[in-house]
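Asker: Just to be clear, the model below is a prediction. Sequence and coordinates:
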Amino acid sequence: MQNEIINILKKEERFSEKTIEEIREVEINDFADIIKEVGHQETEYLSRNKIMDSLNTEVIGKEVYLFKDVMSTNTVAKFLSENGAEHGTVIISEKQSDAKGRLGKHWESPLGGIWLSLIVNPKVDHSKIPMITLATGVAVVKALERIGIDNAEIKWPNDVLINDKKVCGILTEAITKFNTIENVIIGVGIDANFDVDVLSKELQEGTTTLDIELGHKVDENNVIAILLEEFEKIGRVFNEGGFEAILKEWRKYSYSIGKIVEVREPFSKSYDGYVLGISREGALVVEKIDGTLEKVISGECIIKN
Ligand code: BTN
């Protein structure tokens with residue numbers, strides 16, 4: 001955490017001459033104020049003003065912090081949520097140098113992508129938290145529909161694919177205090193306008209971008225505003241307990257249902273099976289080769305057909 005914050009401060013003129021030790025002496029409360037100030041400065045590639053001007057929401061995105069380059073927007077979001085940032089706050093960065101993917105993987109985030117994190121304070125039972133990831137996937141697909149992409153699908157739990165290639169990943173992290181969930185950070189990464197050649201070799205084949213799929217570059221400020229609107233809409237359904245409605249949408253967009261997969265769950269042996277559907281808690285229901293059913297709550301599902 002400290003490293004992330006120091007990194008941001010180091011790029012500011014008033015701190016650039018200071019040593020890391022000197023920066024560490026700044027009061028932690030001041031850190032949060034300075035980070036918020038930096039997040040309000042205009043940047044070159046994206047525009048906080050354009051995003052906020054075109055945004056038609058009540059709560060989500062009422063506070064937006066936009067950075068040129070952070071290690072991970074999820075880490076900044078976590079820091080800010082522990083230092084007074086409210087439900088609906090959005091943290092965006094033009095680039096990320098150490099972004100986090102699911103299952104401890106690194107997430108490549110060059111300039112030209114949409115890299116953002118939302119701070120939310122869900123008013124539901126903890127057992128429903130995994131549903132937030134599913135709901136976010138639905139919000140992304142609906143946002144893509146609004147910009148003219150009508151064939152996006154969701155691969156359980158949180159990959160958004162277009163034409164079998166990944167265009168978006170979602171990483172949800174809960175912030176707990178004394179065993180209760182204080183806030184949830186929803187990190188969304190959308191490959192928008194960059195050339196896939198800038199990614200490492202192993203990612204290039206399985207990745208697509210909005211630019212590739214649409215045949216033209218997108219206005220990322222506009223896509224962000226649309227995404228936040230869709231998120232607010234589905235968030236309302238979520239807070240009112242409309243989980244069945246969310247699951248219905250998820251099933252409609254599912255890439256996984258009806259496929260043969262290899263399931264890799266943490267701390268257990270991998271196995272093959274057929275994806276029957278998704279349970280009411282958001283677990284993937286898989287029929288194993290021997291006919292028994294498994295509910296997959298976390299881990300990876302590799303499509304085999
Ligand atoms: C995945 O592995 O598919 C999830 C990727 C999530 C990436 C996003 S980009 C914005 C936010 N900040 C991070 O460090 N990760 C998420």
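Answerer: Perfect, thanks for sending it. Since we're looking at a predicted model, the values are computed, not measured.
Asker: residues near the residue in the chain positioned nearest to the ligand, how many?
Answerer: Using Cβ to the nearest ligand atom, the closest approach of the chain to the ligand is made by G169 at 2.3 Å. No exception for glycine: its C-beta is placed from N, CA and C like everyone else's. For G169, the count of nearby residues is 21 (other Cβ atoms under 10 Å).
Asker: For the nearest residue to it once chain neighbours are set aside, what is the enclosing helix or strand?
Answerer: Across the structure, with Cβ to Cβ, 6 or more residues apart in numbering as the measure, the residue nearest G169 apart from its sequence neighbours is G189 (5.0 Å). Per DSSP states H and E, G189 falls inside strand 180-190.
Asker: now the helix or strand where E202 lies: how far from the chain's centre is it?
Answerer: Per DSSP H and E: E202 is located in helix 201-204. Per Cα atoms, centre = their mean, to the nearest Å, the displacement of helix 201-204 from the mean C-alpha position of its chain is 20 Å.
Asker: tell me what whichever helix or strand comes after it is packed against?
Answerer: Next in sequence after helix 201-204, counting helices and strands by DSSP H and E, comes helix 210-214. When contacts are defined as 3 or more Cβ pairs under 8 Å, 6 or more residues apart in numbering; DSSP states H and E, helix 210-214 packs onto no helix or strand at all.
Asker: For helix 210-214, give me every contacting residue.
Answerer: Contact with helix 210-214 is made by 144, 147-149, 162-163, 167, 190-194, 196, 217-218, 223, as judged by Cβ atoms under 8 Å, 6 or more residues apart in numbering.
Asker: So which of the residues you listed sit within strands?
Answerer: 162, 167, 190 (DSSP state E).
Asker: Can I get those in JSON lines including pLDDT, neighbour count and distance to the ligand?
Answerer: Shown next, in JSON lines, are the ones in strands among the contacts of helix 210-214 (pLDDT from 0 to 100; neighbours: other Cβ atoms under 10 Å; distance: Cβ to the nearest ligand atom, whole Å):
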{"residue": "I162", "pLDDT": "98", "neighbour count": "22", "distance to the ligand": "14"}
{"residue": "V167", "pLDDT": "98", "neighbour count": "23", "distance to the ligand": "11"}
{"residue": "I190", "pLDDT": "98", "neighbour count": "24", "distance to the ligand": "8"}
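Asker: just those now: which is nearest L9?
Answerer: Nearest to L9, judged by Cβ to Cβ, of these is I190 at 27.8 Å.
Asker: For that closest one, list each beta-bridge partner.
Answerer: Assessed by DSSP bridges, I190 has beta-bridge partners I114, C168.
Asker: Return the residues in contact with it.
Answerer: Contacts of I190 (Cβ under 8 Å, 6+ apart): 113-114, 140, 160, 167-168, 210, 223, 227.
Asker: try I162
Answerer: 144, 149, 151-153, 208, 213.
Asker: What's the PyMOL syntax to select whichever of the residues you listed are buried?
Answerer: In PyMOL, this line selects whichever of the contacts of I162 come out buried by 16 or more other Cβ atoms under 10 Å:
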select buried, resi 144+149+152+153+208+213
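Asker: Could you tell me which ones among the contacts of I162 also sit near the ligand?
Answerer: Subset of these in contact with the ligand: empty, counting by Cβ under 6 Å from any ligand atom.
Asker: Count residues in the vicinity of L103, would you?
Answerer: Using other Cβ under 10 Å, L103 has 11 neighbouring residues.
Asker: Next one, pLDDT for the nearest residue to it once chain neighbours are set aside please.
Answerer: Among residues not flanking L103 along the chain, E300 sits closest, at 6.5 Å (Cβ to Cβ, 6+ apart). You'll see E300 listed with a pLDDT of 87.
Asker: Show me where the stretch 201-305 of the chain has its helices.
Answerer: Listed from the start of the chain, the stretch 201-305 of the chain has helices (DSSP state H, counting those that start in this stretch) covering 201-204, 210-214, 220-239, 243-253.
Asker: Please work out which of these is packed deepest.
Answerer: helix 220-239 (a mean of 21; mean count of other Cβ atoms under 10 Å).
Asker: Which strands and helices lie in contact with that helix?
Answerer: Judged by 3+ Cβ pairs under 8 Å, 6+ apart, helix 220-239 is in contact with helix 48-54, strand 114-120, helix 130-146, strand 180-190, helix 243-253.
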